[in-house]
Structure formats: C-alpha cells, structure tokens
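>>> below: sequence and its predicted model.
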Amino acid sequence: MSTPQPPMPQAAPTWQAAPGPSHPGYTSPIPVVTTHLGHAIASEWTKIKSVRSTMWTLGVFVLLVIGVGLGAAALVAANTDPGGLEGENPLSFGFFGLLLGSICVITLGVLTTASEYGTGMIRTTMVACPSRGRVLAAKAIVFFVVAFVVTLVSAVVVALADVALLDDARDPTGGEWLKGTVGVSLYIALLGLLSLIIGSIIRHSAGAITIMIGLLLAPLVIALFMFAQSLEGLREALFEYSIPNQLSVFYANSLSESGPSGWDPLWIALGVTAAAFAGAYALLEKRDV
Amino acid sequence: MIEAVGLTKRYGDKTAVYNLSFQVRPGTVTGFLGPNGSGKSTTMRMILGLDNPTSGQVTIGGYPYRRLPNAPRQVGALLDAKAVHGGRAARNHLLCLAQLSGIPARRVDEVLGVVGLQDVAKRRSKGFSLGMGQRLGIAAALLGDPQVLLFDEPVNGLDPEGILWVRNLMKALAAEGRTVFVSSHLMSEMAVTADHLIVIGRGQLLADMSIKDFISANSADFARVRTPDTEPQLREKLSSALTEAGGHVLPEQDGALRVTGLPLPRISDIAHDSDVRLWELSPHQASLEEAYMRMTQGAVDYRSTIDQKAGLMQPLPPGAQPPMPVPGQGQPDWYAPPPPQQGGQPFADGQRFAGAPGQPTAGPYAAPAPAPGAAPAAGGSPNPYAQAAPQPAAPNSVPSSDLTKPEDAR
C-alpha cells in the first residue's frame, strides 16, 4: 500500500537527457498505410466469419429455406391429382421456406451491429477507425453480400428441385426465374440490411430483433383482425404492403390483386433501407459511442 | 501530446467533467487519478473521440481524434477489458483491428507474444479471466505501435507478475519517447509508475504536477518520538525542549510525540542534552495514498458506511458489551493525517492547484484536517521500516530537504 515513491526520480532525468526536443516523439518502424473502405471491409469480413452466431443463423436459414421449400413441394406433389398443378409456377413453393428463413437473416443483420454495442466492441472498433460512417458502410456491404449469396444459393437449389419435383407445373419463364431467385434474394438481403441498420440505431440486440420481427409480421396480423368496414382501405394497404405479401409478389402469387407487383417490392425495400441508412449514418456520426 | 482545453461533458443535468484543461507530454508516464465516478473514463472517451464534449476540446498532436490522420497508428488505447466480442477468438479480434487500421497481420502474432497470450490465441475471449482480458486489451493498444497510448485501469485483475509487467511496460513505452496516459484509482500503483500526475475529483482538476511535487505538497514528514511510558514527566520535558528548538510537537493518542521541523539527529541531540531516554525515534513519511485520499476525500461520490444491520441483530444478552467498532470503518476521515505544518514546504513553487490558489496544500475539496492520531489506523499509514528504499537525490530537482531528511538521519 504505502510505497513512498521510490524509483521515480531516476526515470525523469533519463528521458530528459536522451531524446531532447529535436526528437519529440516515437516513430514506429511499421509502415503507415492510409486506410480506406477496403480495410474496413476486410475487417468486417474477419468479424462476421469469426463468430459462431453467423454460422448458426445462416445454417438454420439454409436448413429452413431448403427443408421447407422442398417439403412444401414434395407435399403438394404427393397430394395433387395429375394435372392439378396446371399453369402453376413451380418456383412459388420456395416462398414458405424463405418467409421462415427471413427471421434468421433479420437476427444476423441485427447482431452484426447491435452485438458490438452489447459487448462494448464498438468502442474498440471506433477507436481503430474514427470514420464511423466507413465502419457502417463496410458492415452493410459485407453483410449484404453474405446474405445475398447465401439466399441466392439456397433459393436456386430449392427452385431447381421444385421444378424437377413438380413436373406437372408449367415451365417458368426466364423473367420468373430471375424474380424467383435473384429478385427474392435481393429482397431478403435488403430485409437483413434494414435489420442491420435498425440494430445500429437501436443499439440493442433484443430490441432491434423485436422491432424487425414486428415489422415482418405485425401488418399482416393486424390486417387479419381489422373487421370494421370503415377501415377496409387501411386493411387492404396493410395486407398488400406487408412483407410476406411483398415477398410473394416475386412468385406472382400475391395474396391480393392490387398493390405492389412485378419488381415493386424490391424498389420499396431499397427506398426504405436507403432512408434508414441515411438516418443511421447521421445518428452514428452525431451520437456518443 | 494530448491537450485538453476547457473540456466539459454533461449527461442531461449531470456534469461528468467540468472545465478540464491539462496537457499530457511525451516521454513520461502521466497518471490520471480520481475516485470512482470522477470522470476519468469520460475524459478518456472524449480524448478518443467516442464522446463529443459538451464544450471545450481535446486534441492529440493538434488534431481532434476523429480528424487525426491514421489515428490507429498514432494512438492506441485500452479502454475496457470487456470491450471485445466474447465469441471471437483472441487472434481474430486483433486481426480484425489490424485489418481495420492497415496493419500487417504478422503484427498480430507479435503483440500476442508481447502480452503472453500466444497459447490462447485461438480461444474465444469469453473464457478469459479478467487478467487475460486486460492483456488482450493491452495487445490491442500496442497493435499499431502508436506514439500515444491511453490505458484505463490497466492493472485491474492482473496478478502481481502482471502488475509488474504493466508497470515496466509503461515506463519502457515512455522511455521510447511515447506519450503514456494511465488512469487508475490506485495511488500506490501510480506512485511507482507515473512521473506526472493529473488528479480529478467530481470532474474537475484537483492537481496537475509531477509526482515529486505532489508528494511534497501533500505529504507530511515527521518523526515519531516515544519516551518511556513509565515516566510521563520526561515526555513533557522533551516536548518543551523540542518546541524551544523550533520543532512542532503534536502528542499522539498512544503517548508518542509527532515532531516536525527538526531533523532526526537534532531530536536525538536535544533528547540527550535534556537527559531524556528515548524508546522510539523513527522517521515517517505520509504515503502518496494518504496524500491522494486527503486531496480527494471531499470529492468522493461513493462512500462506504458502517453496515448497521439495523433490526437484524440478535438482542444482546444482558450485561454483554457491544463489540467495539473496527477503527477505520465508515469514518470518512480515518485515513488522513493532518499536514502538521504548512510552512517549510520545500516545493511551494512547484505546485499548481487548479481553482484554489489560496489554498497551498489542500485541494478545493479537502476537508478540514482531521484529528491527529488517526493515522495509525490507516491501511496506508507509513510503516517505519518500509523506508529502507534509498531515496536517490534527483540531480535536477530542488533539494528535497524535507523528503530526504529521515534517511539522512539514519
């Protein structure tokens, strides 16, 4: 406890004698590199692949998408009379798997940002890279690419299998193939990216996941219980713009006739995500970490 | 070089840091001290651009941290040992930081070796002990081989070997010409690590001075003299003789005398001349811990009290005495021996108290001097036999007559 300051006096004169004012500080022998977005992307790639939650959520995602997608198609194939699927788009059976799987993508997206706040890692990150926007951009890019590639691979596997299983159904057109694989993968990846951004705004994993799952399911659930005649318009809108319905638009089996069609859901998701990104960026720059 | 000017941070209506101005110079270890909740970590976060100051500014090498070019190569920081993702292996944690800062990956293995974590590099940091976590944090700080290093409570949770290692590491880093800024609430640790001290309490600057100045401005050197208990008149005799010779004598509770203003040989001579036998004549120096506690005692936010256990105690059997309270518990003043003499301070010119120019030896928060005789109860009270460490006379400093007096006498 009571150490009456023994060795200090030696330390002071040593350095005063040695470096002098001409040699003011220490210079590292390691070459200094001007960092850019590429460094941040490499770092985020290391981060996302070095935690188990990534493997778990993506593993469950692939299982759900492929398992449910194939299961649904197999059930339908086994239980319909020959010719019963005439004119059906066989790709549309991938819908159920992706709808369930999107919860995994949402979780992973939120965890990518919010877990850094939860663990305090964000402070270490922001000290290593004071350009906060760059970190957010790198996270967004890395996550989006990972989510897109994984979804695309799963969706293509399901699509090929479903087309093979349901030989009664019609052959999908080239446009349907594009929407049913690339389109829907972009949509799911954007949904995950929105979760990542919400995670960055809310900075709390459980809270952000709850918000995103609410966003995914609430409009549909609320619309289901809106019986009043006067609310018919609102009910329709909630229904049409609910995420499950938008997802189904990619398979052209929308739950309703009006509302978004074609590639509309993708543009809607893109707009919402871009707006949220701008908000998150501004907040990140302004707030204390 | 870290420079803060009028740094203020408010969270809602709570002011965490108020009007803090200081400089941290390269080539020295600068200790940053303050009680819990005094604003040390907030200041550190503002230095690193994590928190935006409400007013004022802090710069590193002339730039605010967030506008510092190649910031991670110029500044390394250990903020919080827990500021890692527990699910990530130690090596991957450092690797992602290295990639973010444009540092070659082999540097990661280098720093893992420096902090001695190479054997657990592949293990997830969730399973690390507090000390291992600190080492990982230090590794992250050293990663960029930076010129400015900030450590927030670096020795928390380290074993004695680790504490010694950190101490030597800090000194070595400073000796290379780097700026080393270390926060701690352990004065005893700073006493052997830091060259310069910045003390804050309740977010305000209490002291900014070299450790030598700090101790001489705040400590009270004295000699403890004990005459035979059996002959109280000898005590009176010696007391008056010492006062006559210009010394200041304070009686202590156990019958000893606390003498200031006279060197030990002189006390011995006076005792001899007055024909008084001595049972004890020992030099004492208030430790830095005591000086620090006295300075910050008014600025402590979280103070422990006696555990009353009200209503939980068994009624005492008739005739039984309640146990005597252990000295020191819940008594805010128990640790602080008074500076017995305000005059004769050798470094009165070297000290600089912010905001309290009229009070040369007490900080703005310092409480009135407590009762004498409280000192022996202090955990950090000077051990008369612990002074064997020779006090090398600093060649470039003001002759520290009072500081070295006890040793000269022996």
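Perfect, I can see it now. Note that the structure is predicted; figures quoted are calculated from it, not measured.
>>> where do the helices sit along the chain?
Answering for chain A, as no chain was given. Assignment of helices within chain A using DSSP state H yields the ranges A:8-17, A:37-49, A:52-79, A:95-119, A:121-128, A:132-165, A:174-178, A:184-202, A:205-224, A:232-241, A:243-249, A:264-286.
>>> try again with chain B
Taking DSSP H, the helices of chain B run over residues B:40-47, B:71-74, B:90-101, B:106-115, B:130-142, B:160-175, B:187-193, B:211-218, B:232-244, B:264-273, B:288-296, B:401-409.
>>> quick one, what contacts residue 60?
Answering for chain A, as no chain was given. A:V60 is in contact with A:G101, A:C104, counting by C-beta atoms under 8 Å, 6 or more residues apart in numbering or on different chains. Every residue, glycine included, has its C-beta placed from N, CA and C.
>>> please refer instead to chain B.
Residues near B:I60 by C-beta under 8 Å, 6+ apart: B:M1, B:I2, B:E3, B:I47, B:L68, B:Q74, B:V75, B:V148.
>>> cool, and B:G157?
Neighbouring residues of B:G157 by C-beta under 8 Å, 6+ apart: B:A81, B:S129, B:L130, B:G131, B:G133, B:Q134.
>>> which phi and psi does it have?
Reported as degrees, to the nearest 10, the phi and psi values for B:G157 are phi 80, psi 0.
>>> any idea how far it lies from chain A?
16 Å (C-beta to the nearest C-beta, to the nearest Å).
>>> with adjacent residues omitted, what lies nearest to that residue?
Nearest residue to B:G157, sequence neighbours excluded (C-beta to C-beta, 6 or more residues apart in numbering or on different chains): B:L130, at 3.0 Å.
>>> swap in B:A223?
Closest to B:A223 by C-beta to C-beta, 6+ apart is B:V259, at 4.6 Å.
>>> just the strands in chain B please.
Listed in chain order, the strands of chain B (DSSP state E) span B:2-11, B:14-24, B:29-33, B:55-60, B:75-78, B:148-152, B:179-184, B:196-201, B:204-210, B:221-226, B:248-251, B:257-260, B:280-285.
>>> hmm, back to that, wouldn't the residue nearest to B:G157 be in contact with B:P154 here?
No - taking contacts as C-beta atoms under 8 Å, B:L130 lies outside contact range of B:P154: 11.8 Å.
>>> mind checking which of the two has more residues around it?
B:P154 (27 against 12; other C-beta atoms under 10 Å in any protein chain shown).
>>> and the nearest residue to that one once chain neighbours are set aside, what pLDDT?
What sits nearest to B:P154 in space, not counting adjacent residues and going by C-beta to C-beta, 6+ apart, is B:V166, at 5.2 Å. Each residue has a pLDDT score; the one for B:V166 is 94.
>>> repeat for B:P338
You'll see B:P338 listed with a pLDDT of 48.
>>> now do B:Q342
Per-residue confidence at B:Q342 stands at 42 (pLDDT).
>>> same question, B:S282
On the pLDDT scale, B:S282 gets 89.
>>> any idea what it is bridged to?
Beta-bridge partners of B:S282, counted by DSSP bridges, are B:R224.
>>> what is the burial count for it?
Residue neighbour count, defined by other C-beta under 10 Å, stands at 19 for B:S282.
>>> Provide a list of residues in contact with the residue nearest to B:P154.
Listed by C-beta under 8 Å, 6+ apart, the contact set of B:V166 reads B:I138, B:F151, B:P154, B:V155, B:L158.
>>> for the contacts of B:I60, which one is nearest B:D301?
Taking C-beta to C-beta as the measure, B:D301 lies nearest B:I47 of the contacts of B:I60, at 21.6 Å.
>>> residue 209 - how many residues pack around it?
Chain wasn't specified; assuming chain A. Using other C-beta under 10 Å: A:I209 sits among 21 other residues.
>>> other chain: chain B
When neighbours are defined as other C-beta under 10 Å, B:M209 has 20 of them.
>>> what pLDDT does it get?
At B:M209, pLDDT is 91.
>>> and A:L165, by the same measure?
88.
>>> next, count neighbours for it.
Applying other C-beta under 10 Å, we find 18 residues neighbouring A:L165.
>>> quick one: it and B:S184, what's the gap?
Counting by C-beta to C-beta, to the nearest Å, the gap from A:L165 to B:S184 is 68 Å.
>>> report the central residue of the chain.
Just going to use chain A. Nearest to the geometric centre of chain A sits A:G192, at 1.9 Å (C-alpha atoms, centre = their mean).
>>> now swap in chain B and tell me
B:M187 (2.0 Å).
>>> pLDDT weak spots in the stretch 101-250 of chain B?
B:218-220 (pLDDT under 70).
>>> that one against chain A: which residues are in contact?
Within the stretch 101-250 of chain B, the residues that sit near chain A (C-beta under 8 Å from any C-beta of the partner chain) are B:101-104, B:107, B:140, B:144-147, B:171, B:174-179, B:188, B:191-192, B:194-195, B:210-212, B:215.
>>> repeat that with 7 Å
For the stretch 101-250 of chain B, the residues in contact with chain A (C-beta under 7 Å from any C-beta of the partner chain) are B:101-103, B:107, B:140, B:145, B:147, B:171, B:174-178, B:188, B:191-192, B:195, B:211-212, B:215.
>>> what's the ChimeraX syntax to select whichever of those are buried?
Applied in ChimeraX, the following selects the buried portion of these according to 16 or more other C-beta atoms under 10 Å in any protein chain shown:
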select /B:101,102,103,107,140,145,147,171,174,175,176,177,178,188,191,192,195,211,212,215
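>>> pretty sure A:T57 contacts A:V110?
No - applying C-beta atoms under 7 Å as the test, A:T57 and A:V110 come out as separate, 10.0 Å apart.
>>> leaving out sequence neighbours, find the closest residue to B:D80.
In space, and not counting its chain neighbours, B:D80 is closest to A:G120: 5.7 Å by C-beta to C-beta, 6+ apart.
>>> show me what contacts the one you found?
A:G120 makes contacts with B:D80, B:K82, B:A83, as judged by C-beta atoms under 7 Å, 6 or more residues apart in numbering or on different chains.
>>> now do B:D152
B:D152 sits next to B:S41, B:M44, B:L78, B:L79, B:D80, B:S183 when contact means C-beta under 7 Å, 6+ apart.
>>> with B:P228 instead?
With contacts defined as C-beta under 7 Å, 6+ apart, the neighbours of B:P228 are B:L234, B:R277, B:W279.
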